[in-house]
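S.K.: Here is a sequence with its predicted model. Questions after.
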Amino acid sequence: MTTDRIVMAFAGTMILASLALSQVHSAYWLLVTAFVGANLLQAAFTRFCPMATFLKKVGSRPGAAFE
């Protein structure tokens, strides 16, 4: 799996998990959803993603978005 796909899978998992936790525990979990969404938006324009940088350091195969 490429870095791009791992980042998108992780972001989707975090969004779904925080939405579920906001329904079960507290609405403050929606802040995680907002953070992930903001990070995806800024990564679209700057091509900088902290998780992609980490994955590159641990040897993940590069993709087209985060080279």
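M.R.: Right, received. Where do you want to start? Residues are numbered from 1 along each chain as shown.
S.K.: Okay, the closest residue in space to A64 that isn't next to it in sequence and Y28: tell me how far apart.
M.R.: The shortest distance from A64 to any residue other than its chain neighbours is 6.4 Å, reached at D4 (Cβ to Cβ, 6 or more residues apart in numbering). C-beta coordinates here come from the backbone N, C-alpha and C atoms, glycine included. Computed as Cβ to Cβ, to the nearest Å, the D4 to Y28 distance reads 30 Å.
S.K.: quick one, which of the two is more surrounded?
M.R.: Shown here are D4 and Y28; by other Cβ atoms under 10 Å, D4 has more neighbours (19 against 10).
S.K.: tell me which residues of the helix or strand hosting the more buried one are tucked away?
M.R.: Taking DSSP states H and E as the definition, one finds D4 inside helix 3-24. Within helix 3-24, the residues that count as buried by 16 or more other Cβ atoms under 10 Å are 3-4, 6-7, 11, 14-15, 18, 21-22.
S.K.: export these to CSV and tack on distance to A43 and pLDDT?
M.R.: Putting those into CSV (distance: Cβ to Cβ, whole Å; pLDDT from 0 to 100) gives the following:
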residue, distance to A43, pLDDT
T3, 12, 90
D4, 10, 90
I6, 13, 93
V7, 8, 93
A11, 9, 95
M14, 14, 96
I15, 14, 96
S18, 18, 97
L21, 23, 97
S22, 23, 96
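S.K.: now P50: how far from Q23?
M.R.: On the measure of Cβ to Cβ, P50 and Q23 end up 27 Å apart.
S.K.: So which residue is dead centre in this protein?
M.R.: The centroid of the chain falls nearest to A11 when counting by Cα atoms, centre = their mean (3.1 Å).
S.K.: Show the contacting residues for it.
M.R.: Shown in contact with A11 (Cβ atoms under 8 Å, 6 or more residues apart in numbering): 36, 39-40.
S.K.: Tell me where the model's unsure across this structure.
M.R.: 67 (pLDDT under 70).
S.K.: Could you check which helix or strand contains the nearest residue to L19 once chain neighbours are set aside?
M.R.: Leaving aside its sequence neighbours, L19 sits nearest to T33 (Cβ to Cβ, 6+ apart; 6.2 Å). With elements taken from DSSP H and E, the one containing T33 is helix 30-46.
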